[in-house]
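Visitor: Everything below, folded, please.
(2 chains)
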Protein chains: 2
Amino acid sequence: MSRKTGKQTIVFKNRPKILAGYTVVGPKEGEGHFSDKYDYIMKDDLFGEKSYEKAERKMIQEAITGAMMKAKIEPRQLELLISGDLMNQIISSTFAARHFNVPYIGIYGACSAMAEALLLGAQFVNGGSMDIVACATASHFSTAEKQFRFPLEQGNQRPPTAQWTVTGAGTTILSKNVEGEHKYIHSATIGVVEDYGINDLANMGAAMAPAARSTIIAHLEALNAKVEDYDLILTGDLGRLGADIFIELMKESGYNMIKNYGDCGRMIYKKEQNTLQGGSGCGCSASVLNSYIYSMMDEKKYNRVLFVATGALMSTLSTQQGDTIPCIAHAVEIRNNDY
Amino acid sequence: MSRKTGKQTIVFKNRPKILAGYTVVGPKEGEGHFSDKYDYIMKDDLFGEKSYEKAERKMIQEAITGAMMKAKIEPRQLELLISGDLMNQIISSTFAARHFNVPYIGIYGACSAMAEALLLGAQFVNGGSMDIVACATASHFSTAEKQFRFPLEQGNQRPPTAQWTVTGAGTTILSKNVEGEHKYIHSATIGVVEDYGINDLANMGAAMAPAARSTIIAHLEALNAKVEDYDLILTGDLGRLGADIFIELMKESGYNMIKNYGDCGRMIYKKEQNTLQGGSGCGCSASVLNSYIYSMMDEKKYNRVLFVATGALMSTLSTQQGDTIPCIAHAVEIRNNDY
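Guide: Alright, predicted model coming up:
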């Protein structure tokens, strides 16, 4: 059902349809650039729960429920849930999954989770195994910072290369192709793990930039496409510094990323929000994709988008044991079907 | 390419072929029941590395390399690696993946990882997207115990319901169907998250038994099959107590699991090895499947096996915050093609 165009790239011939995207974000994100695009803005980071971890799982749960409602599907119509997050043992995804009586595939790709979920979901829908699939992820500033870096109460000073973990959840509902105007998953490129020797947990953009480059080039080559063929090439959360490094790396490889390039981490917050290099966390690209990007596609302002979520695949323990940060980027090409 | 027979079950019409399985196990496992079936038995738990975590990733790496050699494929022929493990942020899988220049999908399903990887791999091969896929996982007693329970140096007394995390890695190489005698992935049932309110980290078998029941019944119903149609129905690592509970639960549901039922956790160690309820960890089912089970199938002693790996999806933090243990079981049906 899918054609292999290269070692890494899959073209989904049956055009898995994007039925709906839904986002739940924190108050800080609600004051950012896409405040009018999010579906739900939380009044506070605890979301009525007793811990930030419980808030994060509730965010995923609400994003899945919201996406199903937006897609006008009943819970019993959902055939598969694919979800991952940053928490140890992806508890946010699993505990959210507990509330839906649905087959569940747990994934881990750090901040590449949204793209990983989408490409797996497209694979299931394209092959005809599942008709309706929910692809979900979330991150939460307060759960991620305390797990990966320092206790929040410590009030650590943030180094200038740091990014701000986005409090946000996003869900996309995919379905088999049906008649009518819609956007769909055209193809995907599965990333290869890249490690350029960065070991600074406060400089993830620099670590992830080479992975973004290799996946994007693989995707373009497989489809015999040019950068200018896209309305937007969007990396997940390289942040300002990481995006600059990425642009430089692409230039070295002969690609000009000036005109139609964006990075969710760089775009999500306003400059005065003082997030240093911008947003990060798997909720970052999930929130931007499922709100702003999908709405731009619905308005036909974008018709062909390459969404490339990047992930830094270390743990605190691997870093403590002196390891560098292996990174990955998965690319998902989204098109309007009348384009 | 695949036919949906029920809400959870996929039949892989193109019969993804099992090219080879390879196992790397620790010295304790090497003294267990399947000592003559494992491909490689480590002399010590550190495997020449400086930490148990580095040993675990090396085990996965060696299991992938070994499986490729056994399958007589070159590294460049491998088109996809799917792997997951128990470590926070699945570092064992990711750091192993760093050594293979291959598209990588990271998964988390706790001890259900081997079945999750196999069903995803079968999905990619069945749909024609990828011709050769490696499905891998591992666990290590010393990394898991310290991460999930107590520091090893503390020498905590183990409660009678405890299981012993298996030090073992297993890899299966799947390929597109080719002529000739071989075993293949016939079908798979994706599990639903079940939570029966168990919150004891030292009684995982009891927590996982209901998930095994629901997935197996879903699989049998989808295929219109009976328990006695199988040469073996094999749960992952319920252990002795968990297997007893599972048999009881199945009896309640009208299924007799006396004759052709096995549990990897119950089977892997000898009784005198003092592991209380038996083995656990994703390396448990991976080690048994990729050694003993595949060899029994090659010898035609088994022709139809239902492999059901179960996973307990908590984290230490979710347990500390008072949560119960959500569990999942994924089923993969393996058949000889001349059967």
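
Visitor: Please make it C-alpha for all contacts and neighbour counts, starting now.
Guide: Noted.

Visitor: okay, whichever residue of the stretch 51-200 of chain A sits closest to chain B: pLDDT?
Guide: Closest residue of the stretch 51-200 of chain A to chain B, Cα to the nearest Cα: residue A:107 (4.0 Å). Looking at residue A:107, its pLDDT is 98.

Visitor: Is it bridged to anything, and to what?
Guide: In this entry, residue A:107 is beta-bridged to residue B:107, by DSSP bridges.

Visitor: how about the residues of the stretch 1-150 of chain A near chain B?
Guide: Contacts of the stretch 1-150 of chain A with chain B, taken as Cα under 8 Å from any Cα of the partner chain, map to A:1-4, A:7-8, A:10, A:79, A:86-91, A:94-95, A:97-98, A:101-110, A:116, A:123-124, A:127-130.

Visitor: Buried only: go through those for me.
Guide: The neighbour count (16 or more other Cα atoms under 10 Å in any protein chain shown) marks A:1-2, A:4, A:7-8, A:10, A:79, A:86-91, A:94-95, A:97-98, A:101-110, A:116, A:123-124, A:127-130 as buried among these.

Visitor: Contacts for the helix or strand hosting residue A:284, please.
Guide: Using DSSP states H and E, residue A:284 sits in helix A:282-288. By Cα atoms under 8 Å, 6 or more residues apart in numbering or on different chains, the residues outside helix A:282-288 that reach it are A:23-25, A:34, A:38, A:85-86, A:110-114, A:137-140, A:165-171, A:235-237, A:264-265, A:268, A:309.

Visitor: What mean pLDDT does that helix get?
Guide: In this model, helix A:282-288 has a mean pLDDT of 98.

Visitor: check contacts around the residue of the stretch 51-200 of chain A closest to chain B.
Guide: Neighbour list for residue A:107: A:82-85, A:90, A:113, A:116-117, B:106-109 [criterion: Cα under 8 Å, 6+ apart].

Visitor: could you pull out the helices for the stretch 51-200 of chain A?
Guide: A:52-70, A:91-97, A:113-126, A:141-148 (DSSP state H, counting those that start in this stretch).

Visitor: again with the stretch 201-339 of chain A
Guide: In the stretch 201-339 of chain A, the helices defined using DSSP H, counting those that start in this stretch lie at A:204-223, A:239-252, A:264-267, A:282-288, A:294-298, A:316-320.

Visitor: Of these, flag the one that's most buried.
Guide: Per residue and on average, the most neighbours among these fall to helix A:282-288, with a mean of 33 (mean count of other Cα atoms under 10 Å in any protein chain shown).

Visitor: mind checking how far that helix is from the chain centre?
Guide: Computed by Cα atoms, centre = their mean, to the nearest Å, the chain-centroid distance of helix A:282-288 equals 5 Å.

Visitor: Using PDB, write out every CA atom in it.
Guide: C-alpha atoms of helix A:282-288 as PDB (Å, rounded to 0.1, in the frame of the first residue of the first chain):
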ATOM      1  CA  CYS A 282       7.200  17.400  22.700                       C
ATOM      2  CA  GLY A 283       4.200  19.700  23.500                       C
ATOM      3  CA  CYS A 284       5.900  22.500  21.600                       C
ATOM      4  CA  SER A 285       5.700  21.100  18.100                       C
ATOM      5  CA  ALA A 286       2.400  19.300  18.900                       C
ATOM      6  CA  SER A 287       0.800  22.600  20.000                       C
ATOM      7  CA  VAL A 288       2.000  24.600  17.000                       C
END
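
Visitor: Quick one: low-confidence residue ranges for the stretch 101-250 of chain A.
Guide: Residues of the stretch 101-250 of chain A meeting the criterion pLDDT under 70: none.

Visitor: quick one, what contacts the residue nearest to residue A:238 when sequence neighbours are not counted?
Guide: The shortest distance from residue A:238 to any residue other than its chain neighbours is 4.1 Å, reached at residue A:205 (Cα to Cα, 6 or more residues apart in numbering or on different chains). For residue A:205, the contacting residues are A:237-243, by Cα under 8 Å, 6+ apart.

Visitor: next one: residue A:149
Guide: Per Cα under 8 Å, 6+ apart, neighbours of residue A:149: A:201, A:316.

Visitor: Residue A:49 and chain B: what is the separation?
Guide: Plainly put, residue A:49 is 12 Å away from chain B if you go by Cα to the nearest Cα, to the nearest Å.

Visitor: Confirm that that residue sits in a strand.
Guide: No. Looking at residue A:49 with DSSP: H, G, I helix; E, B strand; the rest coil, it is coil, so not inside a strand.

Visitor: what's the burial count for it?
Guide: A count of nearby residues for residue A:49, using other Cα atoms under 10 Å in any protein chain shown, gives 13.

Visitor: pLDDT score assigned to it?
Guide: At residue A:49, pLDDT is 97.

Visitor: and residue A:198, what does it touch?
Guide: Shown in contact with residue A:198 (Cα under 8 Å, 6+ apart): A:206-207, A:324-325.

Visitor: before we move on, what about residue A:316?
Guide: Taking Cα under 8 Å, 6+ apart, we find residue A:316 in contact with A:147-149.

Visitor: now the residues you listed in TSV, with distance to residue A:72?
Guide: TSV is the format used below for those (distance: Cα to Cα, whole Å):
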residue	distance to residue A:72
A:147	36
A:148	38
A:149	40
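
Visitor: Of all residues in the stretch 201-339 of chain A, which one is closest to chain B?
Guide: The stretch 201-339 of chain A approaches chain B most closely through residue A:315 (5.7 Å), counting by Cα to the nearest Cα.

Visitor: Next, find the distance separating the residue nearest to that residue when sequence neighbours are not counted from residue B:152.
Guide: Spatial nearest neighbour of residue A:315, chain neighbours left out: residue B:89 (5.7 Å); criterion: Cα to Cα, 6+ apart. Going from residue B:89 to residue B:152 by Cα to Cα, to the nearest Å gives 21 Å.

Visitor: Same question for residue A:131.
Guide: Distance of residue A:131 to residue B:152, given as Cα to Cα: 47 Å.

Visitor: Equivalent analysis for residue A:157, please.
Guide: Shown here: residue A:157 relative to residue B:152, a distance of 34 Å by Cα to Cα.

Visitor: Those two: which is more packed in?
Guide: Neighbour totals were compared for residue A:157 and residue B:152, and residue B:152 leads with 13 against 6 (other Cα under 10 Å).

Visitor: who are the neighbours in contact with that one?
Guide: By Cα under 8 Å, 6+ apart, residue B:152 lies in contact with B:142, B:145-146.

Visitor: now with 10 Å?
Guide: Going by Cα atoms under 10 Å, 6 or more residues apart in numbering or on different chains, residue B:152 touches B:141-143, B:145-146.

Visitor: just to revisit the earlier point, mean neighbour count, the helices of the stretch 51-200 of chain A: which tops it?
Guide: Comparing these by mean neighbour count (mean count of other Cα under 10 Å), helix A:113-126 comes out on top with a mean of 29.

Visitor: buried stuff in stretch A:27-47?
Guide: Neighbour-count burial for stretch A:27-47, with 16+ other Cα under 10 Å as criterion, is recorded at A:27-30, A:32, A:34-35, A:37-42, A:45-47.

Visitor: Ok, stretch A:297-305 next?
Guide: For stretch A:297-305, a neighbour-count test (16+ other Cα under 10 Å) marks A:297, A:302-305 as buried.
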